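Participant: any chance you could fold what I've pasted below:
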Amino acid sequence: MQVSQPIYAPARIRAAMHTQTAYRIAIVIIALTATVLFLYRLAEYPAPWYDEGSHLHVAKEYALHGIYADFSSEGIRYFGPAVGVGPTVILPIAAAFRMFGVSIPLARLVMAVYGILSLAALYTLGRQLLSPWATLAFIVLVLISPGTDFVFNARTVLGEIPGLFFLATGLSLWFRKEARRLPIQILVGILMGLACITKNQIALFVLPGMLLAWIANLVWYKQRGWRYFVVPGAIAGLIFAAWMYVVIIALGEKGDMQGNLATLRSATSGAFFLFDLGAIQRALSFLLSGSVFGAMFIPAVLYGCYLSLRRDEQGQRYGMVTIFILTATALFMTSLAWPRYAFTALVLSGLIVIRLFQDLTNNFHFDWHALRVVARNEDVVLANVVIIIITAVWIANVYILSAYPTVSAVASQGRGDAYELAQYLDTTIPKDAVIETWEQELAVLTDHNYHYPPQITLAQFVAEQWTNGPMVRTLYNFLDYGSPDYVIIGEFGKYARLYPFERMGDYQLIKTVGVYDIYERKE
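Facilitator: Reported below is the predicted structural model:
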């Protein structure tokens, strides 16, 4: 006997179709919004700056001369790649430079592509841990939060966004059922290894995190075999070790392995493993601030630990995410506490923040009828009303108020000082004149003969600023390297006070372009 369908089935089907259509439209809107935020006025915001320029030196040198190294007027500086971003950033930008010419906007376009790919990877990861609409809420949360500063990181040449792409892709693949197969485990290891070499600090929490995830499986979950953890972890570790060999031996100063190690150690210890009370206080203050998901970071970590207690597949997934959050946070707490160092921990914690609100609100199904009951002074479950009010306030704070600084920064006029200065240099100053400066972006914008302070100077300046080290201007004197024809003192040189007035007696100011002062040697 044929069983008739319920008369309400077509209505349910239509409702499901409408929901699916709305979901697809939401995805398109988010994707278009992210694309605009990543690309609008890409050349102007942020203004070209020190870190970006230092990374692009290597890409420019590789694109033009096939040498993976930094450069200055005295020649090649092979150790440059060790203290910047990895080949996953440098090589795509170098390829773009080779095909289309050297320019900062072109390099940023590569980063914007990484930004879109990172959001796609986070979406894939989110769908394995959250409901469909909660996943979209997670994407929007990390995109606009001032704490993550996702848009800024996707518009400038740094390692955070590319590293996140490889990490999120590796995690989402690791969580799939197919990850029990050896080829997938190898691919997970490769992706995790690429994340580690993209930015060295990622390796400092990813590799320990993978080891702890294996230990947690042995002690608590007992869901996976040893190969599930050992193969990806071993491959990731080997990739990172191989890159360290390349950096220290193949790309380091030839024949000076001890010096290369000392430089790497100085650069790393100047930012991490400080265990300084003041830095720990700054880190805590940032993590507890309203800019980090409306002060929801600590509740998210605690809820992540709670979700991790379940001894099933989903509990283990949350356990692995929570382990990565904890290891990344521990590294941040021992660092100089620059917010950028917490980037990956914050993005991953966004998953738990949204999961917390998803569970509190029964997958965002609010009991609006309860509010109407309250308005009529009738009895109601107070918890329902409290949850609605708290969620509404949180959404207003995090999604509406927090979006303003991000959007306004992108829409701002921006500063074109660097481009104006580059035009002035190209039309006024000979290419063979030696120009002393600490503004790393200039060597990307023009082909002049720049002399830069030694790379160790940056680590010394960090020590001066954050660990009461000696003043960097007492350790570096540009006159010890000759008498350059010109000296350009910009934002970073002024901030570091690297060119004190008493050393500028043989130079006269000839031009000021925005934040840049140009001095010429007197005859």
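Participant: any regions of the stretch 151-300 of the chain where pLDDT drops low?
Facilitator: 251-270 (pLDDT under 70).
Participant: let's see that with 90 instead.
Facilitator: The stretch 151-300 of the chain contains residues with pLDDT under 90 at 200, 244-279, 290-291, 294-295.
Participant: all the strands of it, residue numbers only.
Facilitator: For the stretch 151-300 of the chain, no strands are identified by DSSP state E, counting those that start in this stretch.
Participant: what's the answer for the chain, then?
Facilitator: Secondary structure of the chain (DSSP state E): strands at 70-72, 75-77, 434-437, 449-451, 486-489, 507-513, 516-521.
Participant: who are the packing partners of the last one?
Facilitator: In this case it means strand 516-521. helix 417-428, strand 486-489, strand 507-513 (3 or more Cβ pairs under 8 Å, 6 or more residues apart in numbering; DSSP states H and E). Quick note: C-beta positions are derived from backbone N, CA and C, even for glycine.
Participant: partner strands of it, with direction?
Facilitator: In the sheet, strand 516-521 lines up against strand 486-489 (antiparallel), strand 507-513 (antiparallel) (DSSP bridges).
Participant: T427 is nearest to which of those strands?
Facilitator: Each of the strands paired with strand 516-521 has some distance to T427 by Cβ to Cβ; the shortest is strand 507-513, at 11.7 Å.
Participant: what sits up against that closest one?
Facilitator: Residues outside strand 507-513 that contact it (Cβ atoms under 8 Å, 6 or more residues apart in numbering): 417, 420-421, 424, 487, 517-522.
Participant: which of the helices and strands packed on strand 516-521 sits most buried?
Facilitator: Most buried of the helices and strands packed on strand 516-521 by mean neighbour count (mean count of other Cβ atoms under 10 Å) is strand 486-489; its value is a mean of 24.
Participant: could I have the CA atoms of that strand written out in PDB?
Facilitator: Extracted in PDB, the C-alpha atoms of strand 486-489 (Å, rounded to 0.1, in the frame of the first residue of the first chain):
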ATOM      1  CA  TYR A 486      72.500  61.100   1.100                       C
ATOM      2  CA  VAL A 487      70.700  60.100   4.300                       C
ATOM      3  CA  ILE A 488      67.000  59.600   4.300                       C
ATOM      4  CA  ILE A 489      65.300  59.500   7.800                       C
END
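Participant: that strand: how far from the chain's middle?
Facilitator: Put simply, strand 486-489 sits 31 Å off its chain's centre (Cα atoms, centre = their mean, to the nearest Å).
Participant: F492: neighbour count?
Facilitator: Neighbours of F492 under the rule other Cβ atoms under 10 Å: 20.
Participant: over to A137?
Facilitator: When neighbours are counted by other Cβ under 10 Å, A137 registers 21.
Participant: check contacts around G170.
Facilitator: The contact partners of G170, by Cβ under 8 Å, 6+ apart, come to 188, 191-192, 195, 232.
Participant: dump the strands paired with strand 516-521 to JSON lines, plus mean pLDDT.
Facilitator: Output for those, formatted as JSON lines (pLDDT from 0 to 100):
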{"stretch": "strand 486-489", "mean pLDDT": "98"}
{"stretch": "strand 507-513", "mean pLDDT": "96"}
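Participant: now those as TSV including distance to G469?
Facilitator: Formatted as TSV, these follow (distance: least, Cβ to Cβ, whole Å):
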stretch	distance to G469
strand 486-489	22
strand 507-513	28
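Participant: take the helices and strands packed on strand 516-521 and write them to TSV, including distance to P339.
Facilitator: Output for these, formatted as TSV (distance: least, Cβ to Cβ, whole Å):
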stretch	distance to P339
helix 417-428	24
strand 486-489	27
strand 507-513	30
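Participant: quick one: closest of those to P454.
Facilitator: Set against P454 and scored by Cβ to Cβ, the helices and strands packed on strand 516-521 come closest in strand 486-489, at 16.6 Å.
Participant: run through who's touching that closest one.
Facilitator: So strand 486-489 is contacted by 421, 429, 433-439, 442, 478, 498-499, 504, 507, 516-521 (Cβ under 8 Å, 6+ apart).
Participant: can you select the buried ones among those for me in PyMOL?
Facilitator: What follows is the PyMOL syntax for the buried subset of the contacts of strand 486-489, where burial is set by 16 or more other Cβ atoms under 10 Å:
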select buried, resi 421+429+433+434+435+436+437+438+439+442+478+498+499+504+507+516+517+518+519+520
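Participant: and which of the contacts of G170 is nearest Y40?
Facilitator: When the contacts of G170 are ranked by distance to Y40 (Cβ to Cβ), A195 comes first, at 28.1 Å.
Participant: just to revisit the earlier point, can you list the strands of the chain in CSV and add distance to N362?
Facilitator: As requested, these are exported to CSV (distance: least, Cβ to Cβ, whole Å):
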stretch, distance to N362
strand 70-72, 55
strand 75-77, 58
strand 434-437, 59
strand 449-451, 61
strand 486-489, 60
strand 507-513, 59
strand 516-521, 57
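Participant: and G237, which of these is closest to it?
Facilitator: Nearest of these to G237, taken as Cβ to Cβ: strand 70-72 at 27.0 Å.
Participant: strands paired with that closest one, and their directions?
Facilitator: By DSSP bridges, strand 70-72 pairs with strand 75-77 (antiparallel).
Participant: biggest helix in this protein, by residue count?
Facilitator: Secondary structure of the chain per DSSP state H: the longest helix is helix 9-39.
Participant: and it, what does it pack against?
Facilitator: By 3+ Cβ pairs under 8 Å, 6+ apart, helix 9-39 packs against helix 104-127, helix 132-144, helix 150-154, helix 403-411.
Participant: redo that, cut-off 6 Å
Facilitator: Helix 9-39 sits against helix 104-127, with contacts defined as 3 or more Cβ pairs under 6 Å, 6 or more residues apart in numbering; DSSP states H and E.
Participant: the residue nearest to F324 when sequence neighbours are not counted and V219, how far apart?
Facilitator: Spatial nearest neighbour of F324, excluding adjacent residues (Cβ to Cβ, 6 or more residues apart in numbering): G209 at 4.5 Å. Separation of G209 from V219 (Cβ to Cβ, to the nearest Å) stands at 16 Å.
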